[in-house]
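> next one to model:
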Amino acid sequence: MQRSGLEWLFRLAAEPRRLGGRYLRTNPAFVFAVLAQKTGLRRYEMT
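From the prediction side, this is the model:
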């Protein structure tokens, strides 16, 4: 799981009560930010 980058999925399945809210709140925001940058809707400067 670690090598494939899916450790978060394993942890969510192991402890859904503790991690569910955090992942459901932050993962969509991250995906939106990546898609917005890739489509040119938003630019994020590297510092």
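> count the neighbours of Glu45 for me.
4 (other Cβ atoms under 10 Å). Placement of C-beta: from N, CA and C, glycine included.
> Gln37 too?
Considering only other Cβ under 10 Å, Gln37 is surrounded by 12 other residues.
> pretty sure it sits against Arg43.
Yes: with contact defined as Cβ atoms under 8 Å, Gln37 counts as touching Arg43 (6.8 Å).
> what about the chain, any weak spots by pLDDT?
Along the chain, segments meeting pLDDT under 70 span 47.
> where is the longest helix in it?
helix 16-39 (DSSP state H).
> residues contacting that helix, please?
Trp8, Arg11, Leu12, Leu41, Arg42, Arg43, Tyr44 (Cβ atoms under 8 Å, 6 or more residues apart in numbering).
> what about the closest residue to the fourth one other than its chain neighbours, distance to Arg42?
Ranked by Cβ to Cβ, 6 or more residues apart in numbering and with sequence neighbours excluded, the top spatial neighbour of Leu41 is Leu35, at 8.0 Å. Relative to Arg42, Leu35 is positioned 9 Å away (Cβ to Cβ, to the nearest Å).
> what's the neighbour count on Gln2?
With other Cβ under 10 Å as criterion, Gln2 counts 7.
> phi and psi next, for it.
phi -60, psi -50 (degrees, to the nearest 10).
> from Arg42, how far off is it?
Counting by Cβ to Cβ, the gap from Gln2 to Arg42 is 31 Å.
> same check on Leu6?
From Leu6 to Arg42 the distance is 27 Å (Cβ to Cβ).
> same question for Gly20.
28 Å.
> could you do Glu7 as well?
28 Å.
> give me the buried subset of the contacts of helix 16-39.
Leu12 (16 or more other Cβ atoms under 10 Å).
> now for the contacts of helix 16-39: which two are most distant?
Distance extremes for the contacts of helix 16-39: the farthest pair is Arg11 and Arg43 at 32.0 Å, using Cβ to Cβ.
> residue contacts, Leu9?
When contacts are counted by Cβ under 8 Å, 6+ apart, Leu9 touches Met1.
> if anything else comes up later, I'll come back, but that's it for now.
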